[in-house]
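Undergrad: got a predicted structure here, sequence first:
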Amino acid sequence: MLLKLLILDRDGVINYDSDAYIKSVEEWIPLPGSIEAIAQLSKAGWTVAVATNQSGIARGYYDLATLDAMHARLRELVAEQGGEVGLIVYCPHGPDEGCDCRKPKPGMLKTIAQHYNVALTNVWFVGDSLGDLEAAKAVDSQPVLVKTGKGEKTQAKTLPVGTLIFDDLAAIAAELIHN
Ligand SMILES: O=P(O)(O)OC[C@@H](O)[C@H]1O[C@@H](OP(=O)(O)O)[C@@H](O)[C@@H](O)[C@@H]1O
Ligand SMILES: [Mg+2]
Ligand SMILES: [Zn+2]
């Protein structure tokens, strides 16, 4: 049976983003409907994974324990709604470190696909930044833009051919669950 895998960017898709980075659990605030959307997708048989750039680690704005606490909070909130969050992969590196995992490179998407032993072709990757969409395109996944976070600014840029656009994660969940 083919795994129903959905991969999400974090900041600006699941939680509010900030140009000052999300530096603490207190600053990590879910966007309206995002927790419910993830729980509903999970309960409908979807595996929801996360691929997130976290250069704030390299920049010294917060540490790995804080990042883990944010992700524990995400898992706790989704579990309260009867769902679960799958693998969360993050890139802790800075833009100049030349790593393979920082989006727009697709390293994190490949890690997730290998973890679940599935192909990435046409798997939806939902993001609010152009780098998210480019990472998806690089591995023949389906780039999906949400208008939350930096999404409306991103929408004004030249997007990869075939990018799908939705208002928010709740709209994506409705689309995937009811079609
Ligand atoms: O959207 P995801 O990938 O989950 O996470 C984005 C964050 O890591 C931060 O990424 C930074 O970009 P730089 O890493 O400084 O280029 C900035 O855009 C911040 O506003 C943002 O909070
Ligand atoms: Mg983002
Ligand atoms: Zn990296």
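TA: Noted; the coordinates are in hand. Numbers count the residues shown, from 1 in each chain. Ligands and ions are numbered 1, 2, ... in the order given.

Undergrad: list of residues touching the longest strand along the chain?
TA: When the chain is parsed with DSSP state E, its longest strand is strand 47-53. The contact list for strand 47-53, computed with Cβ atoms under 8 Å, 6 or more residues apart in numbering, reads 3-11, 14, 38, 41-42, 71, 74, 83, 85-91, 102-103, 108-109, 111-112, 115-116, 125, 131, 135. Every C-beta, even on glycine, is put in place using the N, C-alpha and C of the backbone.

Undergrad: what of stretch 75-84?
TA: For stretch 75-84, the surrounding residues in contact (Cβ under 8 Å, 6+ apart) are 30, 35-36, 38-43, 48, 85.

Undergrad: related to what we said a few turns ago, and ligand 2, which of the contacts of strand 47-53 reach it?
TA: Checked against ligand 2 using Cβ under 5 Å from the ion, those yield the following neighbours: 9, 11.

Undergrad: for the residue in the chain positioned nearest to ligand 2, grab the count of nearby residues.
TA: Ranked by Cβ to the ion, the top residue of the chain for proximity to ligand 2 is residue 12, at 3.7 Å. For residue 12, the neighbour count with other Cβ atoms under 10 Å is 23.

Undergrad: next one: it from residue 143, what distance?
TA: When Cβ to Cβ, to the nearest Å is the yardstick, residue 12 and residue 143 sit 15 Å from each other.

Undergrad: one more: residue 102?
TA: The gap separating residue 102 from residue 143 is 17 Å, by Cβ to Cβ.
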